[in-house]
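>>> No sequence on hand, only this structure:
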C-alpha cells in the first residue's frame, strides 16, 4: 500500500492526466520530492527550498498541514494527501439603486 496523492487539474498535465497518483511514505516534503522524480516539474510548482509554496494548501487525511507539522508532517501508507492550489480574486458585486 502507498500514499494516495490527489492532483489538482492544473498539475495533471505533469502526471499524464492522472487525478490521483501514488507516493512514498515519509514526510510531506519527502513525498513531494519523490513525486518530482516520477513527474518532473511537479515539485517546483508545489515547493521551493524545502518549503511548501504559500499559495499551495496540502491536506493529509483532510487535515491542513499548517495545523500539523507543515512540511515535516508524517505521511504513512494508506494516507490520502490532497494538493489544493489557493484561489484568489473574485468580484465584489454592489447593489444598484
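Looks like it came in fine. Given the structure is predicted, the values throughout are model-derived calculations rather than measurements. Numbers count the residues shown, from 1 in each chain.

>>> Leaving out sequence neighbours, find the closest residue to residue 38.
residue 21 (7.4 Å; CB to CB, 6 or more residues apart in numbering). C-beta coordinates here come from the backbone N, C-alpha and C atoms, glycine included.

>>> Quick one: neighbours of the one you found, just the number.
Using other CB atoms under 10 Å, residue 21 has 20 neighbouring residues.

>>> which stretches of this protein form strands?
3-6, 20-23, 26-27, 47-48, 51-52, 56-60, 63-64, 74-75, 80-85 (DSSP state E).

>>> For those, give me CSV that also has distance to residue 13.
As requested, the strands of the chain are arranged in CSV below (distance: least, CB to CB, whole Å):
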stretch, distance to residue 13
strand 3-6, 15
strand 20-23, 13
strand 26-27, 25
strand 47-48, 18
strand 51-52, 20
strand 56-60, 16
strand 63-64, 26
strand 74-75, 24
strand 80-85, 14
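
>>> right, and these - which one's nearest residue 38?
Set against residue 38 and scored by CB to CB, these come closest in strand 20-23, at 7.4 Å.

>>> what comes up buried for the closest one?
21, 23 (16 or more other CB atoms under 10 Å).

>>> Same question for stretch 70-86.
71, 73, 75, 79, 81, 82, 83.

>>> Need the contact partners of it.
Stretch 70-86 is touched from outside by 1-8, 10-11, 23, 25-29, 31, 46-47, 50-52, 54-62, 65, with contacts defined as CB atoms under 8 Å, 6 or more residues apart in numbering.

>>> what is the mean pLDDT for it?
For stretch 70-86, mean pLDDT is 96.

>>> can you check stretch 6-18 too?
Stretch 6-18 comes out at a mean pLDDT of 96.

>>> what comes up buried for that stretch?
Buried, per 16+ other CB under 10 Å, within stretch 6-18: 7, 11, 12, 14, 15.

>>> Dump the residues you listed to a markdown table, plus distance to residue 37.
Listed next are the buried residues of stretch 6-18 as a markdown table, based on distance: CB to CB, whole Å:
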| residue | distance to residue 37 |
| --- | --- |
| 7 | 15 |
| 11 | 15 |
| 12 | 18 |
| 14 | 12 |
| 15 | 13 |
